[in-house]
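In: Here you go, sequence then predicted model.
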Amino acid sequence: MTKNLFKNEKVADQFNQYNDVLEQVLGYDSIMSVFNQYKPRKILDYGCGPGKVSLRFAEQLPCDIIAVDESQKMIDIAKKERKHRHINYKIVKNDNLDFIKSGSIDGAIASYVFINNESEQRILAIMMEIYRVLKPKSRFLVLDTNPNATGIPFSTFQNGIPGKKYNYGEKRVETLTVSENENLILHDFNWPNDMYENNLKRAGFSEISVSYPKLNDFTQDQIARIENKYHYNTWSNEKSVSPFILYQAIKK
Ligand SMILES: C[S@@+](CC[C@H](N)C(=O)[O-])C[C@H]1O[C@@H](n2cnc3c(N)ncnc32)[C@H](O)[C@@H]1O
């Protein structure tokens, strides 16, 4: 299995400090709306990292969350900083969710997990495990950086070199701004839309749809409310280009 950078203590700490306002506004909030509509009682957060997303969901939705990650360091930070009575943080080994019963989960997410996996075979195995634990008709939401926007600088990160065309699964450098004078350099992989669509299908999912959220999808009033809520207004290309892709798929 390939090395997971997030097992490194410094990387985990830097990721914990990263201001994920773009991910929140253009990603997690959309997932929250879907969950608000379907009211899952038990959610799986696969690759939960330091627990930022799980905690926001636990605070806003009446649900229990199983949040798993293969990085002990990430789980340590999550347990220390984002403990919640409705979240069970757990280490996952070899992509195996054997501690979760088949058909027992009402909704699952994997945010910024697949771009960090080099092996398509491994991504398929994770999707199949998630399919197994979901109840029929429940939803799996996959959020990742937009493979069609490599090289474009967004206000908090840039993925890939401008002008370079990346091949299927090719390594890419991702730079996240942690503070004015500190960047977190990550090495992820360029997975085009096909990779997601083909493997979600192979895993058994149906009704697969994708969206490309960008800031200009919101009205001026909504943007003003967002700026007020997150104390943030230094937007850049995310106004007109989506930094992310959001897949939604349903277990048959
Ligand atoms: C970029 S972080 C995202 C964390 C969180 N989902 C978020 O949106 O803030 C990616 C996380 O996925 C985890 N991860 C990557 N591949 C994994 C795998 N195959 N199994 C479990 N966790 C994995 C990493 O350890 C890391 O904590």
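Out: Now that the structure is in, tell me what you want to look at. Numbers count the residues shown, from 1 in each chain.

In: Which of the helices or strands spans the nearest residue to Phe205 once chain neighbours are set aside?
Out: The spatially closest residue to Phe205, leaving aside those adjacent along the chain, is Ala249, at 3.6 Å (CB to CB, 6 or more residues apart in numbering). (Each C-beta comes from the backbone N, C-alpha and C, glycine too.) Counting by DSSP states H and E, the element that carries Ala249 is strand 244-250.

In: Outside of that strand itself, list whatever touches it.
Out: The contact list for strand 244-250, computed with CB atoms under 8 Å, 6 or more residues apart in numbering, reads 22-23, 26-27, 30-31, 34, 137-148, 193, 196-197, 200, 205-213.

In: Can you report how many residues lie near the residue in the chain positioned nearest to the ligand?
Out: Residue nearest to the ligand within the chain: Gly49 (2.6 Å; CB to the nearest ligand atom). Applying other CB atoms under 10 Å, we find 25 residues neighbouring Gly49.

In: Tell me the buried residues in the helix or strand containing Arg132?
Out: Assigned by DSSP H and E, Arg132 belongs to helix 120-133. Residues Glu120, Ile123, Leu124, Ala125, Ile126, Met127, Glu129, Ile130, Tyr131, Arg132, Val133 are the ones in helix 120-133 that count as buried (16 or more other CB atoms under 10 Å).

In: from the residues you listed, which are also near the ligand?
Out: Among those, the ones lying near the ligand by CB under 6 Å from any ligand atom are Ile126.

In: Could you export the buried residues of helix 120-133 as CSV, including distance to Glu227 and pLDDT?
Out: Formatted as CSV, the buried residues of helix 120-133 follow (distance: CB to CB, whole Å; pLDDT from 0 to 100):
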residue, distance to Glu227, pLDDT
Glu120, 39, 98
Ile123, 36, 98
Leu124, 40, 98
Ala125, 41, 98
Ile126, 36, 98
Met127, 36, 98
Glu129, 39, 98
Ile130, 35, 98
Tyr131, 39, 98
Arg132, 42, 98
Val133, 38, 98
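
In: Closest one of the buried residues of helix 120-133 to Asn94?
Out: Ala125 (8.9 Å; CB to CB).

In: Which residue comes closest to that closest one once chain neighbours are left out?
Out: In space, Ala125 is closest to Asp95, 5.2 Å off (CB to CB, 6+ apart).

In: Verify the stated contact: the one you found with Gln121.
Out: No - the criterion here is CB atoms under 8 Å, and Asp95 misses it with Gln121 at 10.3 Å.

In: Just the CA atoms of stretch 72-85, as CSV, please.
Out: Coordinates of the C-alpha atoms in stretch 72-85 are reproduced here as CSV (Å, rounded to 0.1, in the frame of the first residue of the first chain):
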residue,chain,number,x,y,z
GLN,A,72,-3.5,7.5,13.9
LYS,A,73,-2.3,11.1,14.2
MET,A,74,-5.5,12.4,12.6
ILE,A,75,-7.7,10.2,14.9
ASP,A,76,-5.7,11.5,17.9
ILE,A,77,-6.3,15.1,16.9
ALA,A,78,-10.0,14.4,16.3
LYS,A,79,-10.5,12.7,19.6
LYS,A,80,-8.6,15.5,21.5
GLU,A,81,-10.0,18.5,19.7
ARG,A,82,-13.4,17.4,18.3
LYS,A,83,-14.8,15.0,20.7
HIS,A,84,-18.6,14.7,20.6
ARG,A,85,-21.0,12.3,22.2
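
In: so for it, what's the average pLDDT?
Out: In this model, stretch 72-85 has a mean pLDDT of 98.

In: Name the surrounding residues that touch it.
Out: 6-9, 12-13, 15-16, 48-52, 54-55, 58-59, 65, 67, 69, 87, 89-91.

In: Just the ones in helices from those, please.
Out: Glu9, Ala12, Asp13, Phe15, Asn16, Lys52, Ser54, Leu55, Ala58, Glu59 (DSSP state H).

In: Among the residues you listed, which one has the most neighbours?
Out: Ser54 (26 neighbours).

In: picking that back up, emit the ChimeraX select command for whichever of the contacts of strand 244-250 are buried.
Out: Applied in ChimeraX, the following selects the buried portion of these according to 16+ other CB under 10 Å:
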select :22,23,26,27,30,31,138,139,140,141,142,143,144,145,146,147,196,197,200,205,208,213
